[in-house]
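>>> The following comprises the amino acid sequence and a computationally predicted model.
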There are 2 protein chains.
Amino acid sequence: MKTESTITSRITEPRTTVWLVEDNNAFRSVVERVLNDVAGFSCPQTFASAEEVLDAVEHDAPDVILLDVALPGMNGIEAIGEIKSRAPKTHVVMLTVFDDQKKIYEAIGAGASGYLLKTSSEKEIADAIRQVIHGGVPMHEKVARSVWDMFAEMAIPKQDYGITPRELEILEAVVQGSGNKEIADKLSMSIHTVDTHLRHIFRKLSVNTRAAAVAKALKERLV
Amino acid sequence: MKTESTITSRITEPRTTVWLVEDNNAFRSVVERVLNDVAGFSCPQTFASAEEVLDAVEHDAPDVILLDVALPGMNGIEAIGEIKSRAPKTHVVMLTVFDDQKKIYEAIGAGASGYLLKTSSEKEIADAIRQVIHGGVPMHEKVARSVWDMFAEMAIPKQDYGITPRELEILEAVVQGSGNKEIADKLSMSIHTVDTHLRHIFRKLSVNTRAAAVAKALKERLV
DNA sequence: CAGGGCATCACGAGATTACGTGACTATCCA
DNA sequence: TGGATAGTCACGTAATCTCGTGATGCCCTG
């Protein structure tokens, strides 16, 4: 990556190679033609299934792979990880009709570099490829909305329970699965002290079991 | 984007009111002028601090507030929540020089509807406002990158530990802080069965305490 | 200098959990 | 029809945890 956009690049720079994985013949042809028509891009290969592209990526890797989610056999989401493990530098951009949060979530987690919808215009697709090559993360407006919303849910502002620094240390240890004895050891204190701290923590978090404390600490990102 | 190019909109549609909160006089003036110059927008008020805008928003609320992060007194992040609680329908869009993950994370969690950087062009700012009005989440490319990366980290693909459906039920209950007795009750089974399931779960997750199981389950989003 | 928050340590009783071991049943698939 | 997997129940012991109660010393602030 890093197109090193020196001024001479328009001549010396090799074309951005893009592969397309899409089982619908008609749509695949359309996108393939678009890619080949845009200056600076070339789409030398297309595939109708994940298995095929995985096979091909063993020998040669493009700059970008446009990947459908719904495919016969292995689906697009699963394919991402496989592709990335074989060709880590290749950017995998989803191109699909699915805009549901689950799919988006899984795709991002699996290592996708962008997420487009098939409602995108030809120009948007071309722009997206340029963007991903330059380190951006192209996504459809709807996808951005979903990502934002999901993120907002996770980023719930952490309430202040008045946990003291020392207590936080204990809490962290508990979250890591340590027993009281182990904690006492690790923090060089008596087991009774651990116990006392713990009970203070429980009170502050309004829980009465260690497991619940761990759950609350993780859910609210106290640790 | 989405210029809503209905032919009649330029006359019938009421202007989108935008407030600006920015302590730097020069920058504030520039943006204010831009907003007032763009057709369809008006920027009737600007503020130099969070406290001022909070005061104003008690009586009147604009469609959009452009909010700086670094402000004297209360900072922009804290202001978001206050604004949203007073004027829930107002979209708060951050406009700042800070593009670090922490700020972005906090802003989204606090309820921001977009995140722009001051490197944005005038056109980008105007587009962003249009976008947020239409339910989009305008963000600078860099911000998108940050959000995507943070999200990817959280969306780590969940490994398959071979947890059975029944075991998953137990695990979920444990995460919710239930004791074994309580779980046995809730799932209508013997306390011994809960115990057995639990130990199977422990083995599968390679943990040996309930707290560690909860931690692992939450971290890897098994529940 | 007193009061409050924080960290430390202690004892003890009763509840809960951890974990090995063994066993019965049902279902599904080869 | 036999094996694999899942779900169920049980006993027992040692370890751990929960929680009440109490106490000492430190440091900071009013």
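That came through fine. Residues are numbered from 1 along each chain as shown, chains lettered A, B, ... in the order given.
>>> Going by C-alpha atoms from here, please, whenever you check contacts or count neighbours.
OK.
>>> Need the pLDDT of the closest residue in space to residue A:154 that isn't next to it in sequence.
With sequence-adjacent residues excluded and distances taken as Cα to Cα, 6 or more residues apart in numbering or on different chains, residue A:154 is closest to residue B:109, at 7.5 Å. Residue B:109 is assigned a pLDDT of 93 by the prediction.
>>> Just list whatever residues bridge to residue A:16.
Beta-bridge pairing of residue A:16 under DSSP bridges involves residue A:41.
>>> How confident was the prediction at it?
92.
>>> Give me the neighbour count for it.
Residues near residue A:16, counting by other Cα atoms under 10 Å in any protein chain shown, number 19.
>>> Determine how far the last residue of stretch A:110-119 lies from the first.
One end of stretch A:110-119 sits 23 Å from the other (Cα to Cα, to the nearest Å).
>>> got a list of contacts for it?
A:77-78, A:80-81, A:84, A:91-99, A:104, A:108, A:125, A:132, A:137-140, A:143, B:152, B:155-157 (Cα atoms under 8 Å, 6 or more residues apart in numbering or on different chains).
>>> what do you get for stretch A:74-89?
The contact list for stretch A:74-89, computed with Cα under 8 Å, 6+ apart, reads A:1, A:49-51, A:54, A:57-58, A:61, A:63, A:67-70, A:90, A:92, A:103, A:106-107, A:110-112.
>>> My read is that the residue nearest to residue A:154 contacts residue A:148, right?
No. The criterion here is Cα atoms under 8 Å, and residue B:109 misses it with residue A:148 at 9.6 Å.
>>> more crowded one of the two?
The neighbour comparison of residue B:109 against residue A:148 (other Cα under 10 Å) goes to residue A:148, with 25 against 22.
>>> so where do the helices sit in chain A?
For chain A, the helices defined by DSSP state H cover A:9-12, A:25-37, A:50-56, A:76-86, A:101-110, A:122-133, A:141-154, A:165-175, A:180-186, A:191-205, A:210-219.
>>> right, so those helices: which one is the most enclosed?
Most buried of these by mean neighbour count (mean count of other Cα atoms under 10 Å in any protein chain shown) is helix A:210-219; its value is a mean of 23.
>>> Say whether DNA strand C is contacted by that helix.
No. Using Cα under 7 Å from any atom of the strand, helix A:210-219 never reaches DNA strand C; the gap is at least 8.5 Å.
>>> Point out the residues in chain A that sit beside DNA strand D.
So chain A meets DNA strand D at A:178-181, A:195-196, A:198-199, A:202, A:208-211 (Cα under 7 Å from any atom of the strand).
>>> how far away is the residue in chain A that DNA strand C sits nearest to from residue B:174?
In chain A, the residue that lies nearest DNA strand C is residue A:189 (3.2 Å; Cα to the nearest atom of the strand). Distance of residue A:189 to residue B:174, given as Cα to Cα: 29 Å.
>>> Quick one: name the residues of chain A near chain B.
A:105-106, A:108-111, A:136-137, A:141-142, A:144-145, A:147-148, A:151-157, A:174-178, A:209-215, A:218-219 (Cα under 8 Å from any Cα of the partner chain).
>>> what bits of chain A have low per-residue confidence?
A:1-13 (pLDDT under 70).
>>> Please name the nearest non-neighbouring residue to residue A:108.
residue B:152 (5.4 Å).
>>> returning to that earlier point: dump the residues of chain A next to DNA strand D into JSON lines; add distance to residue A:15 as well.
As requested, these are arranged in JSON lines below (distance: Cα to Cα, whole Å):
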{"residue": "A:178", "distance to residue A:15": "55"}
{"residue": "A:179", "distance to residue A:15": "58"}
{"residue": "A:180", "distance to residue A:15": "61"}
{"residue": "A:181", "distance to residue A:15": "62"}
{"residue": "A:195", "distance to residue A:15": "65"}
{"residue": "A:196", "distance to residue A:15": "66"}
{"residue": "A:198", "distance to residue A:15": "61"}
{"residue": "A:199", "distance to residue A:15": "64"}
{"residue": "A:202", "distance to residue A:15": "61"}
{"residue": "A:208", "distance to residue A:15": "62"}
{"residue": "A:209", "distance to residue A:15": "60"}
{"residue": "A:210", "distance to residue A:15": "58"}
{"residue": "A:211", "distance to residue A:15": "55"}
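>>> Which two of these have the greatest separation?
Pairwise distances across the residues of chain A next to DNA strand D peak at 19.1 Å for A:181 and A:208 (criterion: Cα to Cα).
>>> Any idea how many residues pack against residue A:116?
Around residue A:116 there are 26 residues (other Cα under 10 Å).
>>> what is it paired to in the beta sheet?
Beta-bridge pairing for residue A:116 (DSSP bridges): residue A:95.
>>> and it, how far is that from residue A:123?
Counting by Cα to Cα, the separation of residue A:116 from residue A:123 is 12 Å.
>>> With residue A:91 instead?
Distance of residue A:91 to residue A:123, given as Cα to Cα: 19 Å.
>>> Likewise for residue A:215?
For residue A:215 relative to residue A:123 (Cα to Cα), the value is 46 Å.
>>> repeat for residue A:172
Residue A:172 is 49 Å from residue A:123, by Cα to Cα.
>>> now do residue A:48
23 Å.
>>> go on, residue A:187?
59 Å.
>>> Can you add distance to residue B:33 and give the helices of chain A back as TSV?
Putting those into TSV (distance: least, Cα to Cα, whole Å) gives the following:
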stretch	distance to residue B:33
helix A:9-12	38
helix A:25-37	41
helix A:50-56	52
helix A:76-86	47
helix A:101-110	39
helix A:122-133	30
helix A:141-154	28
helix A:165-175	48
helix A:180-186	60
helix A:191-205	49
helix A:210-219	44
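>>> Centre-most residue in chain A?
Residue closest to the mean C-alpha point of chain A, counted by Cα atoms, centre = their mean, is residue A:108 at 2.5 Å.
>>> That one touches residue B:151, doesn't it?
Yes. Residue A:108 is within contact range of residue B:151, at 7.4 Å (criterion: Cα under 8 Å).
>>> How about residue A:204: what's its closest non-neighbour residue?
residue A:161 (5.9 Å).
>>> Near that neighbour, how many other residues are there?
Using other Cα under 10 Å as the criterion, the residues surrounding residue A:161 number 12.
>>> Residues of chain A that sit close to DNA strand C?
Applying Cα under 7 Å from any atom of the strand, one finds that chain A approaches DNA strand C through A:162-167, A:188-193, A:196-197.
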